[in-house]
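[1] Generate a structure from the sequence data that follows.
(one chain, ligands or ions: 1)
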Amino acid sequence: MVCEASLPRHIAIIMDGNGRWAQQRQLPRFSGHKAGVDSCHRIVKACAERGIEVLSIFAFSSENWKRPSSEVNDLMGLFLLALERYIEDLHQKNVKLRFIGDREQLNPSLQQGIQAAEALTQENTGLTLVIATNYGGRWDIIQAAKSMATAVQAGELCVEDINETLFEQHLITQDLPAPDLLIRTSGMTRISNFYLWQLSYTELYFTDVLWPDFTEQSLDEAIASYQQRDRRFGGFLEQEEE
Ligand code: FPP
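    Presented below is the predicted three-dimensional model:
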């Protein structure tokens, strides 16, 4: 178990490598995604046990529609199945679910499942699990800009009052702390349009482990790496000045 000092409040994860995990076993890609859901459940439980406040997972990006439609359909079906299968358990563990992204493109049954899961868990006070589905960092920035422009047009906001704090209040993550630690699995070292604004001062951690193989121990290694970083937020540590 990790040391409790300086635990990240918010961990964000890009869960990559399901397809390659399946390929290595001569299994269809769908088996990799199914194993990815099990991995998700394991890591959500582990984060809750370790006292992490927020876990954000990138389940489906705005760009993932470019995948073959059979895989997109499989993924959408799997998300709904996973919700139905795990929602009671997550609720019992006091996890609060929150979905971010453009919901309108999702099929109606998934939209209903999402709404029901959020309603059931909205009073929970443990881990907040943010599931980014049809989410893109650019989409988030654009919708924030539109929302501010609408407020300016309505005479509710002066252009001169726009600053970073106000901009953040229009992002979909307005009430969440910025991620302290971003983990990406499977050896890829890019952000892939996940939280763009929000990752400005986040510590990045890349591992070769494929997402279905990511265990509690892998999580603890990532947290331990985070705990050794000097976070400066563009400034410097006082003792360095002396
Ligand atoms: C990347 O693997 C993973 C995804 C496209 C996201 C799918 C995520 C899950 C199935 C787990 C999340 C589940 C829920 C219910 C939130 P990839 O296909 O890009 O792998 P590859 O790079 O090896 O092909």
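[2] who's in contact with the helix or strand harbouring residue 42?
    Here residue 42, judged by DSSP states H and E, is contained in helix 29-50. For helix 29-50, contacts defined as C-beta atoms under 8 Å, 6 or more residues apart in numbering pick out 1-2, 7, 11, 13, 15, 17-23, 25, 55, 57, 71, 74-75, 78, 82, 86, 89-90, 93-95, 126-127, 129, 211-216, 219, 223. All C-beta atoms are positioned from the backbone trio N, CA, C, and that covers glycine.
[3] All the strands of this protein, residue numbers only.
    Ranges of strands in the chain, per DSSP state E, are 10-14, 54-61, 96-100, 128-135, 181-184, 203-206.
[4] wait, which of the ones you listed is closest to residue 193?
    strand 54-61 (6.0 Å; C-beta to C-beta).
[5] Direction included, what does that closest one pair against?
    strand 10-14 (parallel), strand 128-135 (parallel) (DSSP bridges).
[6] which bits of the protein sit near the ligand?
    Taking C-beta under 6 Å from any ligand atom as the criterion, the neighbours of the ligand within the chain are 15-20, 33, 36-37, 40, 57, 59, 64, 75, 78-79, 82, 131, 186.
[7] Tell me who's in contact with residue 215.
    Residue 215 touches residue 42, counting by C-beta under 8 Å, 6+ apart.
[8] got a pLDDT number for it?
    With respect to pLDDT, residue 215 scores 98.
[9] what about it, distance to residue 87?
    If you measure residue 215 against residue 87 using C-beta to C-beta, to the nearest Å, the figure is 23 Å.
[10] got it, and residue 68?
    For residue 68, the distance to residue 87 (C-beta to C-beta) stands at 28 Å.
[11] neighbour-wise, which of these two wins?
    Neighbours were counted for residue 68 and for residue 87 using other C-beta atoms under 10 Å; residue 87 has more, 17 against 9.
[12] Identify each buried residue in stretch 25-41, please.
    29, 30, 31, 32, 33, 34, 35, 36, 37, 39, 40 (16 or more other C-beta atoms under 10 Å).
[13] what's the answer for stretch 154-169, then?
    Result for stretch 154-169 [16+ other C-beta under 10 Å]: buried residues 157, 167, 168.
[14] for this structure, what's the longest helix?
    helix 69-92 (DSSP state H).
[15] That helix vs strand 96-100, what angle?
    Interaxial angle of helix 69-92 relative to strand 96-100 (axes from the mean of the first three to the mean of the last three C-alpha atoms, to 10 degrees): 150 degrees.
[16] Show the contacting residues for whichever residue of the chain sits closest to the ligand.
    At 2.4 Å from the ligand, residue 19 is the closest residue in the chain, using C-beta to the nearest ligand atom. Applying C-beta under 8 Å, 6+ apart to residue 19 gives the contacts 29, 32.
[17] Read off the pLDDT value for it.
    97.
[18] Need the nearest residue in space to residue 167, chain neighbours excluded.
    Closest residue to residue 167 apart from its sequence neighbours, by C-beta to C-beta, 6 or more residues apart in numbering: residue 144 at 6.1 Å.
[19] quick one: low-confidence parts of the chain?
    Scanning the chain with the threshold set as pLDDT under 70 gives 1, 4-5, 237-242.
[20] switch the cut-off to 50
    Counting by pLDDT under 50, the chain contains low-confidence ranges at 242.
[21] From the residues of the chain next to the ligand, keep the buried residues only.
    For the residues of the chain next to the ligand, a burial check counting by 16+ other C-beta under 10 Å picks out 15-20, 33, 36-37, 40, 57, 59, 64, 75, 78-79, 82, 131, 186.
[22] circling back: buried subset of the contacts of helix 29-50, written for ChimeraX?
    Buried residues within the contacts of helix 29-50, by 16+ other C-beta under 10 Å, are selected in ChimeraX with:
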select :2,7,11,13,15,17,18,19,20,21,22,55,57,74,75,78,82,86,90,93,95,126,127,129,211,212,213,214,216,219,223
